[in-house]
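A.B. asks: Next come a sequence and a model predicted from it.
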Amino acid sequence: MNVGEDYTGVSVIFFCHDGKGNVLLSKRSEKCRDEHGTWDPGAGRLEFGHTIEDTLRREILEEYGARVLDYEFLGYRDVHRTNDGRPTHWIALDFKVLIDPSHVRNGEPEKFDALEWFSVNNLPAPLHSQFPAFLELYKNRLR
């Protein structure tokens, strides 16, 4: 059975920022599951027996090499889309997370072609298909 296809998956989404108006995005490599070459905030699947906060902290440390300094739960999204023609269903738990930029490194170079800082008002293209909805939903809380 495949998570997100045979049963609903739960994903922890982290919109990392430096507290000065800059956000960290990753560019998805060819080895990612889908949407290669797009920019998005980080994410990690919630695994059975793990807490949401532990998942948030672990995934940011693994992907970005940084520790969570502070975080805010923004809300959730019910995400329906297709992957290779098959319907998927995920519940996305969205967080805004403060990290120290001096500690950031690409902890998963096989997954990310790049990690870069951007102004919220000057994001790169192309964005991951789910990222514009995230930005619209939380636009007043991301600055």
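C.D. replies: Thanks, I have the structure now. Numbering: from 1, shown residues only.
A.B. asks: where along the chain do the helices fall?
C.D. replies: 52-64, 131-138 (DSSP state H).
A.B. asks: Out of these, which one sits most buried?
C.D. replies: Among the helices of the chain, ranked by average contacts under mean count of other Cβ atoms under 10 Å, first place goes to helix 52-64 (a mean of 18). Quick note: C-beta positions are derived from backbone N, CA and C, even for glycine.
A.B. asks: Which strands and helices lie in contact with that one?
C.D. replies: If you count contacts as 3 or more Cβ pairs under 8 Å, 6 or more residues apart in numbering; DSSP states H and E, helix 52-64 packs onto strand 9-17, strand 42-45, strand 86-98.
A.B. asks: Check the protein and tell me which residue is nearest its centre.
C.D. replies: In the chain, the C-alpha nearest the mean C-alpha coordinate belongs to Gly42, at 2.4 Å (Cα atoms, centre = their mean).
A.B. asks: For that residue, which residues count as its bridge partners?
C.D. replies: The partner list for Gly42 in beta bridges (DSSP bridges) reads Phe14.
A.B. asks: Now for the closest residue to His80 other than its chain neighbours: which residues touch it?
C.D. replies: Spatial nearest neighbour of His80, chain neighbours left out: His89 (5.6 Å); criterion: Cβ to Cβ, 6 or more residues apart in numbering. When contacts are counted by Cβ atoms under 8 Å, 6 or more residues apart in numbering, His89 touches 4-5, 8-9, 78-80.
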